[in-house]
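> sequence first, then the predicted structure, then my questions.
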Amino acid sequence: MTESLQLAKTRNLHTLGVCVPYDPAIITPPIAAALRAGCYEAEEAAQIPMIVAPGDVVLEIGAGIGFISTLVARQPGLAKVFAFEANPALMPFMARLHAENQVTGVERVNAVLCNAPETSMKFYQRRDFWMGSLAPGPEPYDAAIAVPVVNLNAFLAREAVSLIICDIEGAEKWLFGDADLGGVDRIYIELHDHITGLGGIAALFAHMGAHGFAYDPRHSCGAVVLFRRVQPNEVLRPFSGKTDA
């Protein structure tokens, strides 16, 4: 092992059981601080074991550096995990993070997943990768690049996706409006009201309701929300929380 590689490994960041390789081009100071503090994707990570079920085909939209897909891939009995990320600069790092954590069974795809008729869409890269998005604002961007489009409905049908995990910096406002979610059981979404406003959140909830999904408070926290398909013969779960009495 070379001296530079040894130094890099000593600077790797470890949080919530995931080893994140240190690369200052990707892990900028704000992102490194969140990782060191144990708050990077912490709300999502806490619910993964309760949301993911054996046999699931999981689709992650906005996979970033591969952190959540690493946690998902560790759940027992999964059928498949697809990690879609629009930012091509993150793809080599995601592969590196998966390798560092001995992750297998995750298919990484550099594309925008939606039902738009275009064959490509502009993605706006920003210094801190977690701010990259399909929108040119509200934050300044470093570069606008063309990213290929994969049809969402065709992909959901072909792969029989049962669980969607989605973190796409405001595009959740419109992504599911015309989606065919017939085979999907759960959708786990991070909201971005600083981009969509409350009107965007209202539009998302309306779309989810129209598709037969309800807000599940049992596995939602703040801006990280689980929508679960309402079953016609729903079995109520007993209350398991604490009371003030």
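Structure's in. What do you need?

> any idea how many residues pack against His194?
By the measure other C-beta atoms under 10 Å, the count of residues near His194 is 11. Any C-beta I mention is one placed from the backbone N, CA and C, and that applies to glycine too.

> in contact with it, which residues?
By C-beta atoms under 8 Å, 6 or more residues apart in numbering, the contact set of His194 is Pro138.

> assign it to helix, strand or coil.
Following DSSP: H, G, I helix; E, B strand; the rest coil, we place His194 in the helix state.

> pull up the gap between it and Gly137, please.
Separation of His194 from Gly137 (C-beta to C-beta, to the nearest Å): 11 Å.

> can you check Pro232 too?
Using C-beta to C-beta, Pro232 is found at 43 Å from Gly137.

> higher neighbour count, the two?
Neighbours were tallied for Pro232 and for Gly137 using other C-beta under 10 Å; the higher tally belongs to Gly137 (10 against 5).

> isn't there a strand covering that one?
No. Per three-state DSSP, Gly137 lies outside any strand segment and is coil.

> low-confidence ranges in the protein?
Within the chain, the stretches with pLDDT under 70 are 1-10, 240-245.

> all helices for it, in order.
3-10, 29-37, 42-51, 67-73, 91-100, 152-159, 172-175, 193-210 (DSSP state H).

> right, so the ones you listed: which one is the most enclosed?
helix 67-73 (a mean of 24; mean count of other C-beta atoms under 10 Å).

> by contact count, what packs against that one?
Contacts defined by 3 or more C-beta pairs under 8 Å, 6 or more residues apart in numbering; DSSP states H and E place helix 67-73 against strand 18-20, helix 42-51, strand 57-61, strand 80-85, helix 91-100, strand 106-110.

> 6 Å - rerun?
For helix 67-73, the packing partners by 3 or more C-beta pairs under 6 Å, 6 or more residues apart in numbering; DSSP states H and E come out as helix 42-51, strand 80-85.

> and the ones you listed as TSV, adding distance to Arg237?
Output for the helices and strands packed on helix 67-73, formatted as TSV (distance: least, C-beta to C-beta, whole Å):
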stretch	distance to Arg237
helix 42-51	12
strand 80-85	27
